[in-house]
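Participant: Only the shape, not the letters, is given here:
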């Protein structure tokens with residue numbers, strides 16, 4: 001569905017935009033550009049999007065606007081960093097394992113969490129149960 005400036009004017013005359021129309025505009029870059037072009041020539045009231053159009057623009061184009069100010073990183077610098085990072089080995093912590101091994105261990109623990117907890121629970125309950133039976 002493509003919005004035209006005339007359709008946008010009709011929507012703005014009503015004062016509010018329906019939920020489905022807002023959702024469509026938030027997902028459709030063509031409609032966003034039409035709204036932004038319209039807002040550069042005419043004022044759009046805050047009641048339409050429930051916030052000023054500048055804040056809405058930042059929501060739509062936030063990352064693009066923020067990165068537009070930054071300079072492009074030269075290709076040579078990124079190649080040098082890649083070469084330097086290729087020569088560096090993974091850091092080894094005091095236990096003698098690399099971060100990759102530790103994350104694999106955590107993944108294993110999260111995968112078998114129920115079994116590990118059940119075995120630990122039984123390991124605590126069994127000796128207590130033996131003591132209770134011994135005193136009876």
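Facilitator: Sure thing, it's come through. Being a predicted model, the structure only gives us computed values, none of them experimental.
Participant: thought residue 12 was touching residue 48?
Facilitator: Yes: in this structure, residue 12 is within contact of residue 48 by CB atoms under 8 Å, at 6.1 Å. No exception for glycine: its C-beta is placed from N, CA and C like everyone else's.
Participant: domains in the protein, as residue ranges please.
Facilitator: 5-68, 96-136 (automatic domain parsing).
Participant: okay, those domains in TSV with mean neighbour count and mean pLDDT next?
Facilitator: Putting the domains of the chain into TSV (neighbours: other CB atoms under 10 Å; pLDDT from 0 to 100) gives the following:
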stretch	mean neighbour count	mean pLDDT
domain 5-68	13	80
domain 96-136	10	86
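Participant: Quick one: the helices in this protein, in order.
Facilitator: With helices called from DSSP state H, the chain shows them at 5-14, 19-27, 29-41, 46-49, 53-68, 75-87, 99-111, 113-135.
Participant: Measure how the last one sits relative to helix 99-111, angle-wise.
Facilitator: Right, helix 113-135. 60 degrees (axes from the mean of the first three to the mean of the last three CA atoms, to 10 degrees).
Participant: Quick one: list the elements packing against helix 113-135.
Facilitator: Contacting helix 113-135 under the criterion 3 or more CB pairs under 8 Å, 6 or more residues apart in numbering; DSSP states H and E is no other helix or strand.
Participant: How far off centre is stretch 2-21?
Facilitator: 30 Å (CA atoms, centre = their mean, to the nearest Å).
Participant: Give me the distance between the two termini of that stretch.
Facilitator: In stretch 2-21, first residue to last residue: 12 Å (CA to CA, to the nearest Å).
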